[in-house]
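Chemist: With the input below, show me the fold.
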Amino acid sequence: MDFQLSDDQRALRSGMRDLLGAVFDRGRLRAAVERGGGVDRGLWRELGAAGFFALRLPEEAGGVGLGLPEAVLLFEEAGRALLPGPLVATHLAAGLVKGAAEGEAVVTAAEGGGLPVADLGGADAVLVAGGVLTGEELAAFVAGARPVRSMDPLTPLHRAEGLVAAAEAYPGALRGEGALLTAAEQLGSAARTTEMAVQHARTREQFGSLIGSFQAVKHLCADMLARTEPARSAVYAAAVTGDPVEIAAAKLLADDAAVRNARDCLQTHGGMGFTWEADVHLHLKRAWLRAARWLTAAEAEEILAAGLGPVRPLYGGSAALG
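Modeler: Coordinates of the predicted model:
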């Protein structure tokens, strides 16, 4: 079986990268940071017009008619660009919430377990364990929520009180798909921070030499690539199979790659990596936030352990080893 991307898939990924480069360049990224995040409705509609949210809806329902493997490619590009907003929830809500597929509606998700809800203030609907909150139910839910400080300046958070906040995480296939698409975003961030570290190492000089010539920096960059590519294989494979165990493995690997690569990228940049003007810290903060979304490391490990089957004793007898 050939798992290489097809020409159409490569064109889809390239087209999304070009689109995001045009509508969400670094200038718009930094402007979003300065205003404290939140959803840019104009950008949301542009994504809707490009088919980002309706990608997996059938053509007769106004969608593009593609599948998870193609959706993963788009979300990888979104993660690479640090695109803000509840992209995963709105994508999952296409066909469930009016206007979500077209980018006219912003949909977020209340995952339960006491986790804060992202982008609640500007949401038109909220995915919850029991379905979708809209209208008066949504208004009551928002009224009972309070803003909390977010580590990611691009992702405003609210702490929701009451039954919805205490419910279990969003169940069923949507939760697995949400975890996989989030893993794809993490993969895109891991790949981007690898590029940023290598580019910096090729141009920054210390002690009269490019820092990329130093063995310690070479090892950092090599380790970043060695984390990114297995995560890529896992995410792409899980998108093809849709298997819950493979999705858990993909999320675990992608979370690890995104967080550790951002840390190593920051280390490669040295003191300037810690500054507000650099973008490295934005990748690290978003990676931390995503790692707690849809499927945590502990939950993924439990799924993987359960997938191994029952534990059997190595020896049938009770005689001591001699």
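Chemist: L225 - how many residues pack around it?
Modeler: Residues near L225, counting by other C-beta atoms under 10 Å, number 16. Placement of C-beta: from N, CA and C, glycine included.
Chemist: Over to the one 3 residues further on?
Modeler: When counting by other C-beta under 10 Å, one arrives at 24 neighbours for T228.
Chemist: you'd agree it is up against A257?
Modeler: Yes: contact criterion C-beta atoms under 8 Å: T228 and A257 qualify, at 5.3 Å.
Chemist: E301 - how many residues pack around it?
Modeler: Neighbour count for E301, taken as other C-beta under 10 Å: 13.
Chemist: What of V142?
Modeler: V142 has 16 neighbouring residues, counting by other C-beta under 10 Å.
Chemist: What of A93?
Modeler: Around A93 there are 26 residues (other C-beta under 10 Å).
Chemist: ok so, going back, quickly list what's touching both of T228 and A257.
Modeler: Jointly contacting T228 and A257 under the rule C-beta atoms under 8 Å, 6 or more residues apart in numbering are 187, 190.
Chemist: Quick one: the strands in the stretch 101-250 of the chain, in order.
Modeler: With DSSP state E, counting those that start in this stretch as the criterion, the stretch 101-250 of the chain has strands at 107-109, 117-118, 125-128, 131-133, 145-148, 157-160, 205-206, 209-210.
Chemist: Tell me the buried residues in the fifth one?
Modeler: For strand 145-148, the neighbour count (16 or more other C-beta atoms under 10 Å) marks A145 as buried.
Chemist: And that strand, what does it pack against?
Modeler: strand 157-160 (3 or more C-beta pairs under 8 Å, 6 or more residues apart in numbering; DSSP states H and E).
Chemist: If you average the pLDDT over the strand it packs on, what comes out?
Modeler: For strand 157-160, mean pLDDT is 90.
Chemist: now swap in stretch 208-220 and tell me
Modeler: Average pLDDT, stretch 208-220: 78.
Chemist: and D124, how far is that from L138?
Modeler: Remark: distance between D124 and L138 (C-beta to C-beta, to the nearest Å) = 8 Å.
Chemist: Please enumerate the helices of the stretch 101-250 of the chain.
Modeler: With DSSP state H, counting those that start in this stretch as the criterion, the stretch 101-250 of the chain has helices at 135-143, 163-166, 172-203, 215-241, 244-269.
Chemist: what does stretch 235-249 rub up against?
Modeler: When contacts are defined by C-beta under 8 Å, 6+ apart, stretch 235-249 is touched by residues 3, 67-69, 71-72, 76, 176, 179-180, 183-184, 187, 234, 250, 253-254, 295, 299-301, 303-304, 307.
Chemist: Buried residues of it, list them for me.
Modeler: By neighbour count on 16+ other C-beta under 10 Å, the buried set for stretch 235-249 is 235-239, 244-249.
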